[in-house]
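Novice: sharing a model prediction with you, sequence too.
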Amino acid sequence: MEGLSPLDPSSFSRPDLALVTNIELNLSVSFEKKIFTGFVILKVEKIDGSANEVILDTKDLNIHKIIEVDLDKEVKYILGEQVGEFGQKLTLELPNKNGSDYVLKIEYETSPDASGLQWLSPDQTSGKKHPYLFSQFQAVHARSFLPCQDTPGVKTKYSATISAPPQLTVLMSAIRDHVRELHDGKLFHFVQDVPIPSYLIAIAIGALESRKIGPRSHVWAEKEIIEESAFEFANTEHQLQTAEAICGPYVWGIYDLLVLPPSFPYGGMENPCLTFVTPTLLAGDRSLVNVVAHEIAHSWTGNLVTNKNFEHFWLNEGFTVFIERKIVGRLLTPQDQDFQALEGLAELKDCVNRLGKDNPLTRLVVDLKGLHPDDAFSTVPYEKGQTFLRYLEEAVGGPSVFEPFLRKYFDAYKFKSVDTTDFKTFFIKEFCPCGKENKVKQIDWDLWLYGAGMPPHIPDYDRTVGEVSVRLCSRLSAWNETAEPPPLTAEDAKSMSASQTIYFLQLVLDEPSVWSIIKLKELERLFSLGKCKNSEIKLRWLRICMKARWEEKIPVVLQWLNEVGRMKYVRPLYRDLYKWEAARSKAIDNFKANRRYMMHVSAYTVGKDLHLNE
Ligand code: BES
Ligand code: ZN
């Protein structure tokens, strides 16, 4: 596509010519106008001596004025054409100056439609009194909040001063430095002293409260859900310590959690110092906290060692799932670790079937030229990535060999960005086959990295924990529901853990046969599925109902679709409705009526799933 960088197909910026080395934000929020106004000061270092410009990414920003601070001189700039969903290239002319360092002050404001920001009116919050704002910048939406080199190949420290109305609290992915009372509001100051990519800048503003849940952790939320949240995530410090034992020291100081409103589009987002999570994790029994283990793991994989661009996204997510499961294995049992891997594998199968086994997006390393990262997003980098790492771990002799190697890799590449070749080279150097025939030599790197479809090798996972789910699925499948009593009792159902129930429902969903509504009604009664608080159970249950063409459940599905924005739930359910002709127009009407309450990325991807943007 026009003007995008040879280093990163999702960015216009050219850090190889002139590099942004520090970011200082100074903004004030207007909830009336749904915008931020103020300025950003970028330190820039000329890398290529012949370069006379610095190139930044922007999206829907209103640039007012740019000056070089040391020279106190206005800087000329050109704002390019809008290129699809990528935004606009901003080219600044570097003035003549001694040395190679520049200080550029850019005065600007954001747009009410900024794709990385979600503005909620008071009635869309739990408290109903105050407005709310939150960001989601990964993969490439930071450019809708500030002009920057919006590529994960560039990492900088940042600081920020944000002014907000007096009743509200501002949080960012940084250390809260101090708060100052002003006569008509509050001024919040933040510092992030570890270099991070732009997609990890994050902000939330709302009527927020906090509870201490550990020596370095608070949970933040609206007061209506703060107690529930403190209960659900009480085990955070334990998870952090387990992660440190695997990965090495935690460098970010604090680890806070922010529980967002239901329209948050992801399960979790690893914003440094402040993980963002969806309220759909509040199951009441801590059964979904593997998502927190996942975001904690990102403190090393992704946040410390970062993918150079999103073609190498598996280096972020595959590694993170791999570590997440190690944390689970240590906190529960190794059997649980393998069980979660089996669940992940079932999801990967679904995904590969949907995309098609020859689809280039089922490769570990993808080609994003002309393709927006939001359109390429799938389970593949997560699950195929973790499968590959598990395979590599076995090949080198197991965790006792592989874990020290991982720590060495994190240490070698901390504060840097890497691509797949960096990792491969580091691995080969460490486990040099030295001419001997061994398992390491047999690794087919090209097949794993560039082959499409399911992983070339599936580890022999321990199946103990999942056995009851598998057995139950086949017993219920064989059950003649019009002639025989059900082959289990509500007690049997209750004795299963939440994850065993999730896996069981996943198997039912993947069954080639479609179960009768009579059978499903029995299932609903036995597992009390009608009033289930666990969103992973709810997702699979409603998908089974849609597969069975159970019309009465359509309104239940539509209502949930209007409550939650988490794409993991919303997209499959909308796709299921779309596939079912009798439900298709209801789905489309429902979406059109509610898209304005959804975050940009959810509305954009669901719109495509429903074939509305074509
Ligand atoms: N970093 C991702 C979320 C993300 C990815 C946002 C790409 C935007 C673009 C986060 O760490 C994540 O993977 N979340 C998962 C958690 C799960 C795998 C445990 C989610 O949201 O479901
Ligand atoms: Zn992740």
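Specialist: That came through fine. Given the structure is predicted, the values throughout are model-derived calculations rather than measurements. Numbering: from 1, shown residues only. Ligands and ions are numbered 1, 2, ... in the order given.
Novice: for whichever residue of the stretch 451-600 of the chain sits closest to ligand 2, which non-adjacent residue is spatially closest?
Specialist: Proximity of the stretch 451-600 of the chain to ligand 2 (C-beta to the ion) peaks at Lys568, 11.8 Å away. Using the backbone N, CA and C atoms, a C-beta is placed for each residue, glycine as well. Leaving aside its chain neighbours, Lys568 sits nearest to Gly267 (6.1 Å; criterion: C-beta to C-beta, 6 or more residues apart in numbering).
Novice: and the one you found, how far is that from ligand 1?
Specialist: Gly267 sits 3 Å away from ligand 1, taking C-beta to the nearest ligand atom, to the nearest Å as the criterion.
Novice: tally of neighbours for Pro486?
Specialist: Pro486 has 17 neighbours, counted by other C-beta atoms under 10 Å.
Novice: same deal with the one 10 residues further on?
Specialist: By the criterion of other C-beta under 10 Å, Met496 has 17 neighbours.
Novice: confidence score at it?
Specialist: Met496 is assigned 97 on the pLDDT scale.
Novice: which residues does the residue nearest to it when sequence neighbours are not counted contact?
Specialist: Distance criterion C-beta to C-beta, 6+ apart; nearest residue to Met496, sequence neighbours excluded, is Val468 at 6.2 Å. For Val468, the contact set (C-beta atoms under 8 Å, 6 or more residues apart in numbering) comprises 496, 500, 504.
Novice: touching, Thr362 and Gly453? I think so.
Specialist: Yes. Contact criterion C-beta atoms under 8 Å: Thr362 and Gly453 qualify, at 5.5 Å.
Novice: ok, back up a step: and which of the contacts of Val468 is nearest Asp419?
Specialist: Closest approach to Asp419 among the contacts of Val468 (C-beta to C-beta): Gln500, at 39.0 Å.
Novice: which helix or strand contains the closest one?
Specialist: Using DSSP states H and E, Gln500 sits in helix 498-510.
Novice: so what does that helix touch, helix or strand wise?
Specialist: With contacts taken as 3 or more C-beta pairs under 8 Å, 6 or more residues apart in numbering; DSSP states H and E, helix 498-510 sits against helix 334-355, helix 467-478, helix 535-547.
Novice: tell me where the model's unsure across the stretch 501-614 of the chain.
Specialist: Applying pLDDT under 70 to the stretch 501-614 of the chain picks out residues 614.
Novice: if we use 80, what do you get?
Specialist: Flagging of the stretch 501-614 of the chain using pLDDT under 80 yields the residue ranges 613-614.
Novice: before we move on, what about the chain?
Specialist: Across the chain, residues meeting the criterion (pLDDT under 80) sit at 1-2, 433-437, 613-614.
Novice: OK, contacts around the closest residue to Met454 other than its chain neighbours?
Specialist: Excluding its sequence neighbours, the residue lying closest to Met454 (C-beta to C-beta, 6+ apart) is Val352, at 5.6 Å. Val352 makes contact with 359, 362, 380, 453-454, according to C-beta under 8 Å, 6+ apart.
Novice: can you tell me how far Val352 sits from Asn562?
Specialist: Distance of Val352 to Asn562, given as C-beta to C-beta, to the nearest Å: 30 Å.
Novice: got it, and Lys592?
Specialist: In this structure, Lys592 and Asn562 are 12 Å apart, going by C-beta to C-beta.
Novice: show me which of those two is the more surrounded one.
Specialist: Each of Lys592 and Asn562 has its neighbours counted (other C-beta under 10 Å); Asn562 has more, 16 against 12.
Novice: now the more buried one: phi and psi?
Specialist: Main-chain dihedrals, Asn562, degrees, to the nearest 10: phi -90, psi -10.
Novice: which residues does it contact?
Specialist: Counting by C-beta under 8 Å, 6+ apart, Asn562 makes contact with 590, 594, 597.
Novice: what sits up against stretch 353-364?
Specialist: Contact with stretch 353-364 is made by 314, 318, 351-352, 366-367, 376, 378, 380-381, 384-385, 388, 420, 448-454, as judged by C-beta under 8 Å, 6+ apart.
Novice: what's the span of it, first residue to last?
Specialist: 16 Å (C-alpha to C-alpha, to the nearest Å).
Novice: quick check: buried residues in that stretch?
Specialist: 355, 361-364 (16 or more other C-beta atoms under 10 Å).
Novice: can you check stretch 569-589 too?
Specialist: So, applying 16+ other C-beta under 10 Å, buried residues of stretch 569-589: 569-578, 580, 583, 587-588.
Novice: which strand or helix spans Phe388?
Specialist: helix 380-396.
Novice: what is that helix packed up against?
Specialist: Against helix 380-396 (3+ C-beta pairs under 8 Å, 6+ apart) you get helix 314-331, helix 334-355, helix 399-413.
Novice: on that earlier part again, run a quick neighbour tally on the residue of the stretch 451-600 of the chain closest to ligand 2.
Specialist: 17.
Novice: would it count as being in a helix?
Specialist: Yes. Assessed with DSSP: H, G, I helix; E, B strand; the rest coil, Lys568 lies in a helix.
Novice: before we move on, back to that, ok, which pair from the contacts of Val352 is furthest apart?
Specialist: Within these, Asn359 and Met454 form the most distant pair, 11.8 Å apart (C-beta to C-beta).
Novice: quick check, central residue of the chain?
Specialist: For the chain, the residue nearest the mean C-alpha position is Met269 (4.6 Å; C-alpha atoms, centre = their mean).
Novice: list the contacts for that residue?
Specialist: Contacts for Met269 (C-beta under 8 Å, 6+ apart) come out as 136, 138, 202, 275-277, 295.
Novice: farthest pair within those residues?
Specialist: Maximum pairwise distance in the contacts of Met269, criterion C-beta to C-beta, is 14.3 Å, between Gln138 and Val277.
Novice: next, the angle from the helix holding Gln500 to helix 334-355.
Specialist: With axes from the mean of the first three to the mean of the last three C-alpha atoms, to 10 degrees applied, the angle from helix 498-510 to helix 334-355 works out at 30 degrees.
Novice: give me the distance from helix 498-510 to the chain's centre.
Specialist: Centroid separation for helix 498-510 versus its chain: 23 Å, with C-alpha atoms, centre = their mean, to the nearest Å.
Novice: what residues does the chain put near ligand 1?
Specialist: Where the chain comes near ligand 1, counting by C-beta under 6 Å from any ligand atom, the residues are 138-139, 266-270, 291, 294-295, 298, 317, 377, 382, 568.
Novice: look up which helix or strand Phe423 falls in, please.
Specialist: Phe423 is part of helix 420-430, with elements assigned from DSSP H and E.
Novice: quick one: contacts for the closest residue in space to Met172 that isn't next to it in sequence?
Specialist: Distances taken as C-beta to C-beta, 6+ apart place Phe190 nearest to Met172, at 4.4 Å, with adjacent residues excluded. Going by C-beta under 8 Å, 6+ apart, Phe190 touches 159-162, 172, 174-177.
Novice: likewise Ser497?
Specialist: Ser497 sits next to Ser287 when contact means C-beta under 8 Å, 6+ apart.
Novice: how close does the residue sitting furthest away from the middle of the chain sit to Ile518?
Specialist: Taking C-alpha atoms, centre = their mean, the residue of the chain most remote from its mean C-alpha position is Ala483, at 47.2 Å. Distance, Ala483 to Ile518, by C-beta to C-beta: 11 Å.
Novice: what's the answer for Lys414, then?
Specialist: Distance from Lys414 to Ile518, by C-beta to C-beta: 58 Å.
Novice: now do the phi/psi pair for the residue of the stretch 1-150 of the chain at minimum distance from ligand 1.
Specialist: Ligand 1 sits closest to Gln138 of the stretch 1-150 of the chain, with a gap of 3.6 Å, by C-beta to the nearest ligand atom. Phi and psi for Gln138, reported as degrees, to the nearest 10, are phi -70, psi 140.
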